[in-house]
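Visitor: Quick one, structure for this:
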Amino acid sequence: GEWYARSKLLLMTSHYEGLPMVLIEAQANGLACAAFDIDTGPSDIIVNDEVGLLIDPNLDDKIAAENIFTYYEQLSSKNSIAANENSLRYSLQPIIDKWLRILHV
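Guide: Numbers count the residues shown, from 1 in each chain. Below is the predicted model:
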């Protein structure tokens, strides 16, 4: 929590992920997140340009870095609130409700 409190943005640079819990945890702590828009993971959690930034993994490194920096410069408390609210989709009760629907209980 200490690191999240001192941060403004979480940058995840993975090119392969399952469900990246670090993005959910960062958002729960009010951090916007930036990550590569790879086949699975980040796009399930990050709502692009609302609670984070999805970066085209095929971009030139310099252009990707410029996009990240531009996004970082524009961050405000609005992004922090939106990130925290988005993380609530992964809290216990919504997950239980989804499982109950899947299991038809």
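
Visitor: what about the helices in this structure?
Guide: Using DSSP state H, the helices found in the chain span residues 2-5, 21-28, 42-45, 61-74, 77-87, 92-102.

Visitor: out of these, nearest to Ser14?
Guide: Ser14 lies closest, by C-beta to C-beta, to one member of the helices of the chain: helix 42-45, at 8.2 Å. Every C-beta, even on glycine, is put in place using the N, C-alpha and C of the backbone.

Visitor: Let me see the mean pLDDT of stretch 24-37.
Guide: Mean pLDDT, stretch 24-37: 95.

Visitor: that older thread, can you redo the helices of the chain as JSON lines with distance to Val51 and mean neighbour count?
Guide: Formatted as JSON lines, the helices of the chain follow (distance: least, C-beta to C-beta, whole Å; neighbours: other C-beta atoms under 10 Å):
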{"stretch": "helix 2-5", "distance to Val51": "15", "mean neighbour count": "10"}
{"stretch": "helix 21-28", "distance to Val51": "6", "mean neighbour count": "20"}
{"stretch": "helix 42-45", "distance to Val51": "9", "mean neighbour count": "20"}
{"stretch": "helix 61-74", "distance to Val51": "12", "mean neighbour count": "12"}
{"stretch": "helix 77-87", "distance to Val51": "4", "mean neighbour count": "17"}
{"stretch": "helix 92-102", "distance to Val51": "16", "mean neighbour count": "10"}
